[in-house]
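Asker: here is a sequence with its predicted model. Questions after.
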Amino acid sequence: MGKDRPKHYERLRAEHPDFMNAVEALGQAAAAAGPLDEKTVRLIQLGAATAMRSEGSVTSHAKRALASGATAAEVRHAIMAVTSTTGFPTAAAALSWVEKQLDG
């Protein structure tokens, strides 16, 4: 993740470094466990974050997807693709969170 980690994340890292190392190692192991490339994994994680209705997670995973080479159009599409599963209000909210990031 980038330099602009949320304060909550940094606090967890400072207070529980072993726990956070394990969480990060799990994420890295899961991403490396199969044939999908990093960009695809990041877009899948963005779809899951959308389903969770977590603004922080959507924002974080959108940043990671962009950093892995995804285009703004691919980020939007990953969110739109889960609309039939998550519902329009959920996808629309996630799109609004991502647009703030893409515009800024």
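Answerer: Yep, it's here.
Asker: for residue 12, list the residues it contacts.
Answerer: Each residue near residue 12 by CB atoms under 8 Å, 6 or more residues apart in numbering is listed here: 19, 20. Any C-beta I mention is one placed from the backbone N, CA and C, and that applies to glycine too.
Asker: helix or strand: which one has it?
Answerer: Element membership for residue 12 (DSSP states H and E) is helix 7-15.
Asker: how far out from the middle of the chain is that helix?
Answerer: Chain-centre distance of helix 7-15: 18 Å, with CA atoms, centre = their mean, to the nearest Å.
Asker: same question, stretch 40-50
Answerer: 6 Å.
Asker: now do stretch 39-47
Answerer: For stretch 39-47, the distance from its own C-alpha centre to the chain's C-alpha centre is 7 Å (CA atoms, centre = their mean).
Asker: before we move on, the earlier item: please save the CA atoms from the helix holding residue 12 in PDB.
Answerer: C-alpha atoms of helix 7-15 as PDB (Å, rounded to 0.1, in the frame of the first residue of the first chain):
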ATOM      1  CA  LYS A   7      -4.500   6.500  10.600                       C
ATOM      2  CA  HIS A   8      -6.500   3.600  11.900                       C
ATOM      3  CA  TYR A   9      -4.300   1.200   9.900                       C
ATOM      4  CA  GLU A  10      -1.100   2.800  11.200                       C
ATOM      5  CA  ARG A  11      -2.400   2.600  14.800                       C
ATOM      6  CA  LEU A  12      -3.200  -1.100  14.400                       C
ATOM      7  CA  ARG A  13       0.300  -1.600  12.900                       C
ATOM      8  CA  ALA A  14       1.900   0.200  15.800                       C
ATOM      9  CA  GLU A  15      -0.100  -1.500  18.500                       C
END
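Asker: perfect, that will be all.
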